[in-house]
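Asks: got a predicted model here, sequence first, then my questions.
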There are 2 protein chains.
Amino acid sequence: MNNKQPGKPVVQTVLSPALLNLYELNSSIVVIIDVLRATSTIATALHHGAKEIIPVATVAECIQLGKQMDAITAGERDGKIAEGLQYGNTPSVYTPKFVGGKTVVLTTTNGTRLLHQALEADAEEIITGAFCNLSSVCQYLVQRQKNVLLACAAWRNRVNLEDTLFAGAVIDQIKDQFEIKGDSSQIAEILYQEAKPGLFEYMKNKKASHYQRLMDQGLEADIRYCLSVNSADTLPVYENGRLAVRK
Amino acid sequence: MNNKQPGKPVVQTVLSPALLNLYELNSSIVVIIDVLRATSTIATALHHGAKEIIPVATVAECIQLGKQMDAITAGERDGKIAEGLQYGNTPSVYTPKFVGGKTVVLTTTNGTRLLHQALEADAEEIITGAFCNLSSVCQYLVQRQKNVLLACAAWRNRVNLEDTLFAGAVIDQIKDQFEIKGDSSQIAEILYQEAKPGLFEYMKNKKASHYQRLMDQGLEADIRYCLSVNSADTLPVYENGRLAVRK
């Protein structure tokens, strides 16, 4: 006898890219999560009118493609602007005036790599999520009614707090419409319920490692922005090598 | 300038064996954690007077070595007694009368595999931990004053709640004497602080996947035992291919 509730699609959570191969991706929407700061930057740039964002794996590719397309080149390694690129990963740089109508070629330490990994694993569909576009992500998932994998970019494959919290925030919003599966999903939701009243204070009090890394670089404003909810509420969808807002 | 507090050894946590390669093991004590049920069974058997436990990777090795040494063969695959072995992974089976003075050859889905992985990664020292020997583990770590890696066996590399909770319980007890490093350690401690008042109820309420798997097999007593604190308070140390109580 099968006691499974029929019809509800499943949400799972993967806390590190190194665990991605444990999950079936080819019938799932994969949500790439890199709250500090890649997927916050992506949502912000698109929300502010960027035409598209092309995520690439290496700095060299970023420079080459940027020249070829006369595009903005952006990206970081270890949290700092990568040598040879024009801009870093600070969302507030990507104002409407700056990115309106433009193409951005982006490479980051964790987020863009995970996206390519999901692509190679034949994800049915790839979108990106961060607190600044939480509502758009949740609305889209509820509307699509397909299986979901919440994929945390982590830090060099080490589990991090902020991406786990965002996975928990999504689960908190969509759990009535989905079957929430696996201990990683439970862990994410538990943490989010505790953190919800004040994400910035929580990251500070719990000594989150990337919080500390960015604070050491004087990037408190970036952290505060990336932990603010729905400030760039748009939906980046990956298609044909580029992230763009689904029309 | 180095702001690091000098002298305090570091505690890190790895939530899945698939992430073990991200950590330096050769100057660390590795605590193998497989609460449900391998490391609970190990502590219990040794506490009840078993001479030694020989963890092996495969069922075939377990059968062969068991014959060779005229030892008890025990182990599970997917939570059930593995075909060809005499006993499973139920701690209460290993009474003083049954295991006193005997050798047990043991193979399990996750715990014994992780132990071999740590061994191959040149861990300086390997011990095993579970709630039933929490105090012994913590006392030993505090006494040794070396770097520690709390290594969760997880479930087929997927992060699980119970091993994470035990990592948090260790951190809760030893944090004053160590530098607690990394978001995985923070996550473990947050979860443990929430779960501490009632581990069994917590596992139930949070729908922990291995809780459900074992409940489906009628093994509630095993779960309750494995979540009880200091019920087999001894310290299994791995040396020369075997786990034994350090004399």
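Replies: Sure, I can see it.
Asks: next helix or strand past the helix or strand of chain A with the lowest mean pLDDT?
Replies: Lowest mean confidence among the helices and strands of chain A (mean pLDDT, DSSP states H and E): strand A:80-81, at a mean of 84. Sequence-wise, the next helix or strand downstream of strand A:80-81 (DSSP states H and E) is helix A:96-99.
Asks: how far off centre is that following helix?
Replies: Its chain's average C-alpha position is 21 Å from that of helix A:96-99, according to C-alpha atoms, centre = their mean, to the nearest Å.
Asks: need the contact partners of the helix or strand following it.
Replies: Counting by DSSP H and E, the element after helix A:96-99 in chain order, helix or strand, is strand A:103-107. Residues outside strand A:103-107 that contact it (C-beta atoms under 8 Å, 6 or more residues apart in numbering or on different chains) are A:38, A:41-42, A:45, A:50-59, A:61-62, A:65-66, A:69, A:71-75, A:82, A:85, A:94, A:112. Every C-beta, even on glycine, is put in place using the N, C-alpha and C of the backbone.
Asks: sitting in strands, which of those residues do you find?
Replies: A:Glu52, A:Ile53, A:Ile54, A:Pro55, A:Ile72, A:Thr73, A:Ala74, A:Gly75 (DSSP state E).
Asks: so for the fourth one, what's the nearest residue that isn't a sequence neighbour?
Replies: Just to be clear, that refers to A:Pro55. Nearest non-adjacent residue to A:Pro55, counting by C-beta to C-beta, 6 or more residues apart in numbering or on different chains: A:Thr112, 4.0 Å away.
Asks: where's that neighbour relative to B:Glu24, distance?
Replies: Between A:Thr112 and B:Glu24 the distance is 27 Å, computed by C-beta to C-beta, to the nearest Å.
Asks: between these two, which one's more packed in?
Replies: A:Thr112 (27 against 14; other C-beta atoms under 10 Å in any protein chain shown).
Asks: how about the residues of chain A that lie near chain B?
Replies: Residues of chain A lying near chain B by C-beta under 8 Å from any C-beta of the partner chain: A:15-16, A:18-19, A:22, A:155-161, A:164, A:182-184, A:186-187, A:190-191, A:194, A:206-210.
Asks: re the thing from before, partner strands of the least confident helix or strand of chain A and their direction?
Replies: Pairing partners of strand A:80-81, with direction, according to DSSP bridges: strand A:72-77 (antiparallel).
Asks: buried ones in the partner strand?
Replies: A:Ile72, A:Thr73, A:Ala74, A:Gly75, A:Glu76 (16 or more other C-beta atoms under 10 Å in any protein chain shown).
Asks: so who does the third one touch?
Replies: Counting by C-beta under 8 Å, 6+ apart, A:Ala74 makes contact with A:Thr41, A:Cys62, A:Leu85, A:Gln86, A:Tyr87, A:Gly88, A:Asn89, A:Val104, A:Val105, A:Leu106, A:Thr107.
Asks: number of residues surrounding the last one?
Replies: For A:Thr107, the count of nearby residues is 27 (other C-beta under 10 Å).
Asks: then the third one?
Replies: When neighbours are defined as other C-beta under 10 Å, A:Leu85 has 21 of them.
Asks: repeat for the fifth one
Replies: By other C-beta under 10 Å, the residues close to A:Tyr87 number 19.
Asks: what bridges to it?
Replies: Assigned bridge partners for A:Tyr87, using DSSP bridges, are A:Ala74.
Asks: I figured it hits A:Ala71, correct?
Replies: No - in this structure, A:Tyr87 is not within contact of A:Ala71 by C-beta atoms under 8 Å, at 11.1 Å.
Asks: can you check which residues contact both of these two?
Replies: Common contacts of A:Tyr87 and A:Ala71 (C-beta under 8 Å, 6+ apart): none found.
Asks: quick revisit: which of the contacts of strand A:103-107 are buried?
Replies: A:38, A:41-42, A:45, A:50-56, A:59, A:61-62, A:65-66, A:71-75, A:82, A:85, A:94, A:112.
Asks: can you give me the distance of A:Thr234 to chain B?
Replies: Between A:Thr234 and chain B the computed distance is 28 Å (C-beta to the nearest C-beta, to the nearest Å).
Asks: grab the nearest non-local neighbour of that residue.
Replies: A:His47 (4.2 Å).
Asks: contacts only, for that neighbour.
Replies: Taking C-beta under 8 Å, 6+ apart, one finds A:Cys132, A:Asn133, A:Ala232, A:Asp233, A:Thr234 in contact with A:His47.
Asks: let's go with 10 Å and repeat that
Replies: Shown in contact with A:His47 (C-beta atoms under 10 Å, 6 or more residues apart in numbering or on different chains): A:91, A:94, A:96, A:99, A:132-133, A:136, A:231-236, A:245.
Asks: same question for A:Arg113.
Replies: So A:Arg113 contacts A:Pro17, A:Ile32, A:Asp34, A:Ala38, A:Pro55, A:Ala57, A:Thr58, A:Thr107, A:Ala153, A:Arg156, A:Asn157 (C-beta under 10 Å, 6+ apart).
Asks: equivalent analysis for A:Gln212, please.
Replies: Applying C-beta under 10 Å, 6+ apart, the residues contacting A:Gln212 are A:Met203, A:Lys204.
Asks: after the helix or strand harbouring it comes which helix or strand?
Replies: Assigned by DSSP H and E, A:Gln212 falls within helix A:209-216. Using DSSP H and E, the helix or strand that follows helix A:209-216 in sequence is helix A:220-226.
Asks: show me where chain A has its helices.
Replies: For chain A, helices defined by DSSP state H occupy the ranges A:38-47, A:59-69, A:96-99, A:111-120, A:134-144, A:161-174, A:183-195, A:199-205, A:209-216, A:220-226.
Asks: quick one, which of those is packed in tightest?
Replies: Ranked by average neighbour count under the criterion mean count of other C-beta atoms under 10 Å in any protein chain shown, those are headed by helix A:38-47 at a mean of 30.
Asks: just give the closest residue to the one residue sitting closest to the centre of chain A, not the sequence neighbours.
Replies: Central residue of chain A (C-alpha atoms, centre = their mean): A:Ile33, 2.7 Å from the mean position. Leaving aside its chain neighbours, A:Ile33 sits nearest to A:Asp163 (4.6 Å; criterion: C-beta to C-beta, 6+ apart).
Asks: was I right to think that neighbour contacts A:Leu36?
Replies: Yes - A:Asp163 is within contact range of A:Leu36, at 8.2 Å (criterion: C-beta atoms under 10 Å).
Asks: shared neighbours of those two, anything?
Replies: With C-beta under 10 Å, 6+ apart, A:Asp163 and A:Leu36 have common neighbours A:Asn110, A:Gly111, A:Ala130, A:Ala153, A:Trp155, A:His210.
Asks: before we move on, back to that, and the pLDDT at the residue nearest to A:Pro55?
Replies: On pLDDT, A:Thr112 comes in at 88.
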